[in-house]
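Peer 1: sequence first, then the predicted structure, then my questions.
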Number of protein chains: 2
Amino acid sequence: MFREKIKVLDCTIRDGGLVNKHDFSHEFVHKCYAGASAAGVDYFEIGYKNSRKLFPDPSFGPWKFCADDDIRRAIDGVEHGAKISVMADVGRVEMDAVRPASESPYQMVRVASYVKGVDKAISMVNAFHDLGYETCINLMAISRDQGSELDEAFDQCEKESHAKVIYLVDSFGALYQEDIARLVARARKYISKELGFHGHNNQQLAFSNTIEAVIREVNYLDASVYGMGRAAGNCTLELLLGFLKNPKYDIRPILDLISHDFIPLRKKHEWGYILPYVIMGQLGLHPQEAIAMRKGPEAEHYREFYDKVVSAGLE
Amino acid sequence: MFREKIKVLDCTIRDGGLVNKHDFSHEFVHKCYAGASAAGVDYFEIGYKNSRKLFPDPSFGPWKFCADDDIRRAIDGVEHGAKISVMADVGRVEMDAVRPASESPYQMVRVASYVKGVDKAISMVNAFHDLGYETCINLMAISRDQGSELDEAFDQCEKESHAKVIYLVDSFGALYQEDIARLVARARKYISKELGFHGHNNQQLAFSNTIEAVIREVNYLDASVYGMGRAAGNCTLELLLGFLKNPKYDIRPILDLISHDFIPLRKKHEWGYILPYVIMGQLGLHPQEAIAMRKGPEAEHYREFYDKVVSAGLE
């Protein structure tokens, strides 16, 4: 029997945008949106709501900024489409330029924050809430920040924020299924709101950790087509839709997208099961150093990279 | 704290041999054996012990037959090497030609069997046991055969066989972590011997299912370098060694093998996260049809393949 409260959020364009500088064509985003909507996906996260003034580099594509007109153009003509979500980073949004939800083409805003920055995230979430948006707080790097600051952040998210959903984000792909069970139980001591989970696939655990989250009554689940996302990528949408029992979900439009668009795209851009990302996941570290190493001449020197990262940690 | 009873079996050459007709050079097998031994792996499964008379096709490589001399040549010169295992299929071994364990270069024999063929497997295991070998029964396709025949097979493995280990084999990559917990508990109702787990990675669950098996006190764990194995492949050895806490395990020799040998090998032979294998795992079906489809002109027609397989099941 399926659980109706479960909602799937497709983060392909948003997290995948970290791989290609958010430079997807409007036509490509339109195809992804139409496919995700036909697959029964509940939310489609179309990018970041950054201020252009902070990122003047013209090589960034439109989905780093998500101008209302760009969103409208990409989703135009899709009937019964998924709700649109954008991600907001603390300090990077021009709040004065944000229209009320009733006048904008997106319905949800997710504010990403490290555990220690939660005060600022709450303030931002509440501002979006007051403009009429559904809101979430995505607590990043939760494998690293497990001291008492995490309890405090959970408590604040519950008491001070108007967020609808609090996401646990395994930014480094470092968590095992037992950790998910433990962290969800810890969050539940403080939080009565809905919980969400966003995994990274460094150790091929993003899908199984999402299943573990479902078992523990987490209802908001992130996934991306063919796992596209930074470094190792995310839980793949096709695995998640194959697992969930709600008959509204249909894997077939996603299979078409992979055949026609993501197999070619994967040849141009790299994400997935790549050893330096595995190593960073095992060690619970940010993938930045591995991403840089993959662009250099020693991209296949895995053991040397491992030795370097481990010995840097000992110094 | 680590669990000393945990044993890791590297099945790269044996299961990987299903991808390349067992045609690895002696030099390649030697490198893999030296690497696995340096990594602290406990058992190294070097191939199948088939009768050459049954497979006269000369394109099969040596590791479909595992002649004693071939094994000796491949492992020569490695000090403190892993124990050698071979796999035996019921009805395919020339038992008269098998030397006693004291005179052969391998120490363990694993007999693979479907649940319904367990009587024959037990008889074969006991014959190898009487020759002095450590023995295992690998119960294949356990996601499919879950009727009362499974209870009977567990009971027989315990009471009638001299096998040291009974393996649960998720041949189709169809099981989720809850299934592992349930199946191990069911096996434990009958079996006091050691249990093992061999996963396939169709749904990127081979590693997490192996972790689940560890949590449930399963001690014999199969994995392969870079996941090499039929279709979607296996739990990757590098993920498993990064998870286990016994200080004798060292991921570094495996990272070297991947850099130098398995990245080039993967360009020649296909295994891993490939959509038709995902689909067969989700549907709990044997990968044979997907393997054939991948060799044809419609190798990337995922949705059409899905529709075909699903509608065939409805007829």
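Peer 2: Here it is on my side, so go on.

Peer 1: drop to CA atoms for contacts and neighbour counts, all remaining ones
Peer 2: Noted.

Peer 1: in the least confident helix or strand in chain A by mean pLDDT, what counts as buried?
Peer 2: The helix or strand of chain A with the poorest confidence is helix A:302-314; it has a mean of 93 (mean pLDDT, DSSP states H and E). Of all the residues in helix A:302-314, those buried under the rule 16 or more other Cα atoms under 10 Å in any protein chain shown are A:302-303, A:305-306, A:309.

Peer 1: same deal with stretch A:208-216?
Peer 2: For stretch A:208-216, by 16+ other Cα under 10 Å, it's A:208-214.

Peer 1: closest to chain B out of the residues you listed?
Peer 2: Of all these, residue A:208 has the smallest distance to chain B: 6.4 Å, by Cα to the nearest Cα.

Peer 1: how confident was the prediction at that closest one?
Peer 2: The predicted structure scores residue A:208 at 98 on the pLDDT scale.

Peer 1: just the C-alphas of whatever helix or strand it lives in, formatted as PDB.
Peer 2: Per DSSP states H and E, residue A:208 falls inside helix A:206-215. C-alpha atoms of helix A:206-215 as PDB (Å, rounded to 0.1, in the frame of the first residue of the first chain):
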ATOM      1  CA  ALA A 206      21.800   7.600  -2.100                       C
ATOM      2  CA  PHE A 207      19.000   5.300  -3.200                       C
ATOM      3  CA  SER A 208      19.200   2.900  -0.300                       C
ATOM      4  CA  ASN A 209      19.500   5.800   2.200                       C
ATOM      5  CA  THR A 210      16.400   7.300   0.600                       C
ATOM      6  CA  ILE A 211      14.600   4.000   1.100                       C
ATOM      7  CA  GLU A 212      15.800   4.000   4.700                       C
ATOM      8  CA  ALA A 213      14.400   7.600   5.100                       C
ATOM      9  CA  VAL A 214      11.000   6.400   3.600                       C
ATOM     10  CA  ILE A 215      11.000   3.500   6.200                       C
END
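
Peer 1: re earlier: so how far is the least confident helix or strand of chain A from its chain's centroid?
Peer 2: 28 Å (Cα atoms, centre = their mean, to the nearest Å).

Peer 1: contacts for it next, please.
Peer 2: Residues outside helix A:302-314 that contact it (Cα atoms under 8 Å, 6 or more residues apart in numbering or on different chains) are A:275-276, A:279, B:252-253, B:255-256, B:259.

Peer 1: show only the entries of those found in helices.
Peer 2: A:275-276, A:279, B:252-253, B:255-256 (DSSP state H).

Peer 1: which of these lies closest to residue B:97?
Peer 2: residue B:253 (35.3 Å; Cα to Cα).

Peer 1: helices of the stretch 101-250 of chain A, start to end?
Peer 2: Ranges of helices in the stretch 101-250 of chain A, per DSSP state H, counting those that start in this stretch, are A:118-130, A:148-160, A:177-188, A:206-215, A:237-243.

Peer 1: residue contacts, residue A:275?
Peer 2: Here residue A:275 is in contact with A:302, B:255 (criterion: Cα under 8 Å, 6+ apart).

Peer 1: repeat for residue A:51
Peer 2: Contacts of residue A:51 (Cα under 8 Å, 6+ apart): A:65, A:92-94.

Peer 1: if you set the cut-off to 10 Å instead, what comes out?
Peer 2: A:64-67, A:88, A:91-95, A:97 (Cα atoms under 10 Å, 6 or more residues apart in numbering or on different chains).

Peer 1: hang on, the earlier thing: what's the most distant pair in the ones in helices among the contacts of helix A:302-314?
Peer 2: A:276 and B:253 (14.8 Å).

Peer 1: who's more crowded, those two?
Peer 2: residue A:276 (27 against 18; other Cα atoms under 10 Å in any protein chain shown).

Peer 1: could I get the least confident helix or strand of chain A in PDB with only the CA atoms?
Peer 2: The C-alpha coordinates for helix A:302-314 follow below in PDB (Å, rounded to 0.1, in the frame of the first residue of the first chain):
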ATOM      1  CA  TYR A 302      43.300   7.200  -7.400                       C
ATOM      2  CA  ARG A 303      45.700   5.700  -4.800                       C
ATOM      3  CA  GLU A 304      47.900   8.800  -4.900                       C
ATOM      4  CA  PHE A 305      44.900  11.000  -4.400                       C
ATOM      5  CA  TYR A 306      43.800   8.800  -1.400                       C
ATOM      6  CA  ASP A 307      47.200   9.000   0.200                       C
ATOM      7  CA  LYS A 308      47.300  12.800  -0.300                       C
ATOM      8  CA  VAL A 309      43.900  13.400   1.200                       C
ATOM      9  CA  VAL A 310      44.500  11.000   4.100                       C
ATOM     10  CA  SER A 311      47.900  12.500   5.000                       C
ATOM     11  CA  ALA A 312      46.600  16.100   4.700                       C
ATOM     12  CA  GLY A 313      44.000  15.000   7.400                       C
ATOM     13  CA  LEU A 314      46.800  13.900   9.700                       C
END
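
Peer 1: counting neighbours, what do you get for residue A:252?
Peer 2: Neighbours of residue A:252 (other Cα under 10 Å): 20.

Peer 1: list the contacts of it.
Peer 2: A:35, A:38-39, A:238, A:241-242, A:258, B:302-304, B:306-307.

Peer 1: quick check, pLDDT for it.
Peer 2: 98.

Peer 1: now it: how far from residue A:37?
Peer 2: 12 Å (Cα to Cα, to the nearest Å).

Peer 1: run through the bridge partners of residue A:110.
Peer 2: residue A:87, residue A:136 (DSSP bridges).

Peer 1: could you count how many residues lie near it?
Peer 2: Residue A:110: 28 neighbours (other Cα under 10 Å).

Peer 1: then residue A:35?
Peer 2: Residue A:35: 24 neighbours (other Cα under 10 Å).

Peer 1: surely it touches residue A:253?
Peer 2: Yes - here residue A:35 reaches residue A:253: they are 5.2 Å apart, a contact under Cα atoms under 10 Å.

Peer 1: re the thing from before, any idea which of the helices of the stretch 101-250 of chain A is most buried?
Peer 2: helix A:206-215 (a mean of 24; mean count of other Cα atoms under 10 Å in any protein chain shown).

Peer 1: buried ones in stretch A:15-22?
Peer 2: A:15-20, A:22.

Peer 1: how about a markdown table for the residues you listed, with secondary structure and distance to chain B added?
Peer 2: Output for these, formatted as a markdown table (DSSP: H, G, I helix; E, B strand; the rest coil; distance: Cα to the nearest Cα, whole Å):
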| residue | secondary structure | distance to chain B |
| --- | --- | --- |
| A:15 | helix | 20 |
| A:16 | helix | 18 |
| A:17 | coil | 22 |
| A:18 | coil | 22 |
| A:19 | coil | 20 |
| A:20 | coil | 22 |
| A:22 | coil | 25 |
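
Peer 1: what's the domain layout of chain A?
Peer 2: Per automatic domain parsing, the structural domains of chain A span A:7-268, A:275-314.

Peer 1: mind putting these into a markdown table with distance to residue B:265?
Peer 2: Supplementary listing: these in a markdown table, determined by distance: least, Cα to Cα, whole Å:
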| stretch | distance to residue B:265 |
| --- | --- |
| domain A:7-268 | 18 |
| domain A:275-314 | 14 |
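
Peer 1: with respect to burial, which of those scores highest?
Peer 2: Ranked by mean neighbours (mean count of other Cα under 10 Å), the domains of chain A are led by domain A:7-268, with a mean of 20.

Peer 1: may I have the distance across that one, first residue to last?
Peer 2: Start-to-end, domain A:7-268 (Cα to Cα) is 31 Å.

Peer 1: and if you look at stretch A:228-238?
Peer 2: End-to-end distance (Cα to Cα), stretch A:228-238: 12 Å.

Peer 1: so how far is it from its chain's centroid?
Peer 2: That offset, for stretch A:228-238, works out to 9 Å (Cα atoms, centre = their mean).
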